[in-house]
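1. Sharing a sequence plus its predicted fold:
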Amino acid sequence: MIAFLEEWLKRRLPLEQLDFKRISEKSVPVHRFSWIYYLGGVTLLAFAVQVITGILLLLYYKPTTLEAHESIQYITRTVPGGLLVRNMHVWSSNAMILCMVLHAFTVLLSRAYRSPRELTWVTGMLSLLVVLGLGFSGYLLPWNNLSVYATMVGTQIVSMSTSFLPGEAARLGEWAASLLLGGQTVGQETLTRFFALHIVILPLILLALVTAHLVLIQMHGISVPISILRGQGEKIENWSGKSQKYMPRFLLKESAVWLMFVAAIAALSVVVPYDLFVPYTLLEPYSPLGSAPAGIKPEWYFWFLFYPFEMLPRTVVILCSLSFFASMLAAPWLLSGIPQLWKARFEDSKFPTYAAIAVGAAVALLTVFGQAIVVAVRGGA
């Protein structure tokens, strides 16, 4: 057992590949799907934009229930360039999540998670979960009606997330929600804790995961989609087709993509302020004496989880959500192991491709058409 574990780790953590000469001579495969190799770099760049703009916002933001909303207004209306910086922070956060989701989907389709790259996939999925946590924690910081009431809904879901477990384990969700809230409801303690999560705790965790992810990529090199290898009669981990050196050729191309990305985010921030998409009543400062206005819902990247709560029992949705995220983390082993049940080879089976398409289609449908589906279901009930 120990020998098997040592061999398993040695194959997935080939430390001898961390050599400066190997890294400097790294090449990138060239084929019709080579564009997918830019998604990871763009995601990393979006994170860098988040860090830079976040530091600038931190100079003026005041994390108190009395001053948070006012400080946001001061940043956007008085501080020179403040509106641009805040909009770039918001738009780049949305772009980062979108690029991460697309990156994960293309990895699923190309089967780049296959052995020995399972840990690369796991660190990537954990990074996505942390980024969603960053989105959730940052949502509260403006301290307006939308952010506070949406946080209330989110923490209620966390509180119920373990209610199906036996005994004292059923209270784990309540404990987690209490830890986030710092009290019975959303207040100053909640804002303080979300602020700490958003600017210190989660960024440090993400930095560690991204570092591990990049190191693993350096160890194993760039994966080629199985469809390309199979179409050219190559063995699964053997690529003898056209390649280009990462430095300087691919790096120059990637730098051009980065420049276009930053220019697009800046232009979008100037032309389309993000608050234009939110009704004014939801952007008013939160008052504990007021009532929740209509239209409260989380950001778009949580809609695939939010809309099912509008149609199905909460326990069912929570169980399905937890199963979904666990399955995504275990995807390399599930997608390679399930075809063996009918004695099919992973390389030849179409099941992993169909499974990836099904997951992508379900998330996309609930995100784009979730509201219409809810209306149709309720109307037909």
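-> In hand now; what should we look at? Please read all numbers here as calculations on a predicted model, not as lab measurements.
2. how about residue 28, phi and psi?
-> Note on residue 28: backbone dihedrals following degrees, to the nearest 10 are phi -120, psi 130.
3. pretty sure it contacts residue 244?
-> Yes. Under the criterion of CB atoms under 8 Å, residue 28 makes contact with residue 244 at 5.5 Å. In this view, the C-beta of every residue, glycine as well, is placed from N, C-alpha and C.
4. Look at the two and report which has more neighbours.
-> More crowded of residue 28 and residue 244, by other CB atoms under 10 Å: residue 28, with 17 against 12.
5. Kindly tell me how buried residue 49 is, as a neighbour count.
-> Neighbours of residue 49 under the rule other CB under 10 Å: 21.
6. re the thing from before, need the overlap of contacts for residue 28 and residue 244.
-> Taking CB atoms under 8 Å, 6 or more residues apart in numbering as the criterion, residue 28 and residue 244 both touch residue 250.
7. Check what contacts stretch 84-93 and list those residues.
-> The contact list for stretch 84-93 (CB under 8 Å, 6+ apart) reads 46, 49-50, 53-54, 56-57, 72, 75-76, 134-135, 138, 265-266, 268-270, 273-274.
8. Now list the buried members of these.
-> Buried members of these, counted by 16 or more other CB atoms under 10 Å: 46, 49-50, 53-54, 56-57, 72, 75-76, 134-135, 138, 265-266, 268-269, 273-274.
9. ok, now how distant is the residue minimising distance to the centre of the chain from residue 344?
-> By CA atoms, centre = their mean, the chain has its centre lying nearest to residue 128, at 3.1 Å. Relative to residue 344, residue 128 is positioned 29 Å away (CB to CB, to the nearest Å).
10. Over to residue 89?
-> 47 Å.
11. Residue 287 now?
-> Here residue 287 is placed at a distance of 60 Å from residue 344 (CB to CB).
12. just to revisit the earlier point, neighbour count for residue 89 and residue 344, which is higher?
-> residue 89 (21 against 13).
13. Figure out the helix or strand that the more buried one lives in.
-> Counting by DSSP states H and E, the element that carries residue 89 is helix 82-110.
14. After the lowest-mean-pLDDT helix or strand in the chain, which helix or strand is next?
-> Using mean pLDDT, DSSP states H and E, the weakest-scoring helix or strand in the chain turns out to be helix 280-283, at a mean of 74. As assigned by DSSP H and E, the chain's next helix or strand after helix 280-283 is helix 303-309.
15. got the angle between the helix or strand that contains residue 128 and helix 82-110?
-> According to DSSP H and E, residue 128 maps onto helix 118-139. In terms of direction (axes from the mean of the first three to the mean of the last three CA atoms, to 10 degrees), helix 118-139 departs from helix 82-110 by 150 degrees.
16. count of neighbours near residue 183?
-> By the criterion of other CB under 10 Å, residue 183 has 10 neighbours.
17. actually residue 225, not the one I typed
-> Neighbours of residue 225 under the rule other CB under 10 Å: 20.
18. Surely it is in contact with residue 108?
-> No. Taking CB under 8 Å as the definition, residue 225 is not a contact partner of residue 108, at 10.9 Å.
19. where does this protein dip in pLDDT?
-> 231-240, 280-281, 380-381 (pLDDT under 70).
20. What ranges does it have for its strands?
-> Secondary structure of the chain (DSSP state E): strands at 27-29, 243-245.
21. I'd like the ones you listed as TSV, with distance to residue 230 appended.
-> Formatted as TSV, the strands of the chain follow (distance: least, CB to CB, whole Å):
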stretch	distance to residue 230
strand 27-29	14
strand 243-245	18
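22. can you tell which of those strands is closest to residue 96?
-> Proximity to residue 96 (CB to CB) singles out strand 27-29 among the strands of the chain, at 22.3 Å.
23. neighbouring contacts of that closest one?
-> Residues outside strand 27-29 that contact it (CB under 8 Å, 6+ apart): 34, 37, 222, 224, 228, 239, 241-246, 250.
24. Contacts for stretch 54-65 next, please.
-> In contact with stretch 54-65 (CB under 8 Å, 6+ apart) are residues 68, 70-72, 74-75, 79, 82, 85-86, 89, 141, 143, 187-188, 191-192, 195, 199, 286.
25. Derive a PyMOL selection command for the buried subset of those.
-> This is how PyMOL selects the buried members of the contacts of stretch 54-65, with burial counted by 16+ other CB under 10 Å:
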select buried, resi 68+71+72+75+79+82+85+86+89+141+143+191+195+199+286
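26. next one: phi and psi at the spatially closest residue to residue 152 that is not a sequence neighbour?
-> The shortest distance from residue 152 to any non-neighbouring residue, by CB to CB, 6 or more residues apart in numbering, is to residue 186 (5.5 Å). For residue 186, the backbone dihedrals are phi -70, psi 120 (criterion: degrees, to the nearest 10).
27. Show the contacting residues for the closest residue to residue 296 other than its chain neighbours.
-> Closest residue in space to residue 296, ignoring its immediate chain neighbours: residue 149 at 4.6 Å, by CB to CB, 6+ apart. Residue 149 makes contact with 286, 292, 293, 296, according to CB under 8 Å, 6+ apart.
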